[in-house]
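**Student:** Structure for the following, please:
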Amino acid sequence: MHNSVNLAADYPVLNIFWTTCLIFLWILWFMLLFRILADLFRDDSLSGWAKAGWSVFVVFLPFLGVFVYLIARGKGMGEREMTEAKQRDAEFRSYVRDAAAGGPAAPSAAEGLATLAELHNSGKLSDAEYERAKAKILG
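**Tutor:** The predicted structure follows:
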């Protein structure tokens, strides 16, 4: 039976380093593979058949498929990602601008009707004015 001292001695530091490097490269490979698949399905310029062909190539011949994809479409990958990032940024800035320009939120219909009812009951609004204002809030 082995004790923990013998197990540690059976796996030297250089082997630990080598194993760590292999695990890192394995994770890096999968990240690259998933990034290519995501780019492939986000690209609107490719037809469904082209996407299916690239998918089969990348999944069944992963090393060759990934390298060929990077050579053939790598530049476009970066351009598509940059375009998408700019579009997201523009949408975010537009949302912030619209939210800031709007100021405080508009009163709800219930609050508006309550205010109208108070004004009507106090006599500050005639029946016709009250009906017009109510129709405007509800419509």
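
**Student:** Residue 118 - how many residues pack around it?
**Tutor:** Residues lying near residue 118 (other CB atoms under 10 Å) number 11. C-beta here means a position set from N, CA and C on the backbone, and glycine is covered the same way.

**Student:** So it versus residue 58, what's the distance?
**Tutor:** 67 Å (CB to CB, to the nearest Å).

**Student:** Packing partners of the helix or strand harbouring residue 33?
**Tutor:** Assessed by DSSP states H and E, residue 33 sits inside helix 13-42. Counting contacts by 3 or more CB pairs under 8 Å, 6 or more residues apart in numbering; DSSP states H and E, helix 13-42 is packed against helix 48-60, helix 62-102.

**Student:** Tell me, what's the model's pLDDT at the residue nearest to residue 119 when sequence neighbours are not counted?
**Tutor:** Using CB to CB, 6 or more residues apart in numbering and skipping the chain neighbours, the partner closest in space to residue 119 is residue 125 (4.6 Å). On pLDDT, residue 125 comes in at 82.

**Student:** before we move on, the earlier item: report the inter-axis angle for the helix holding residue 33 versus helix 48-60.
**Tutor:** 170 degrees (axes from the mean of the first three to the mean of the last three CA atoms, to 10 degrees).

**Student:** what about stretch 39-52, average pLDDT?
**Tutor:** pLDDT averaged over stretch 39-52 gives 90.

**Student:** How about stretch 98-109?
**Tutor:** 67.

**Student:** End to end on that stretch, go ahead and measure it.
**Tutor:** Taking CA to CA, to the nearest Å, stretch 98-109 runs 21 Å from one end to the other.

**Student:** Spatially central, which residue of this structure would that be?
**Tutor:** residue 88 (9.0 Å; CA atoms, centre = their mean).

**Student:** how near is it to residue 122?
**Tutor:** 51 Å.

**Student:** Contacts for stretch 129-139, please.
**Tutor:** 109, 112-113, 116, 119-120, 125 (CB atoms under 8 Å, 6 or more residues apart in numbering).

**Student:** Adding secondary structure and neighbour count as columns, could you present the residues you listed in a markdown table?
**Tutor:** A markdown table is the format used below for these (DSSP: H, G, I helix; E, B strand; the rest coil; neighbours: other CB atoms under 10 Å):
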| residue | secondary structure | neighbour count |
| --- | --- | --- |
| 109 | helix | 11 |
| 112 | helix | 16 |
| 113 | helix | 15 |
| 116 | helix | 18 |
| 119 | helix | 14 |
| 120 | helix | 17 |
| 125 | coil | 18 |
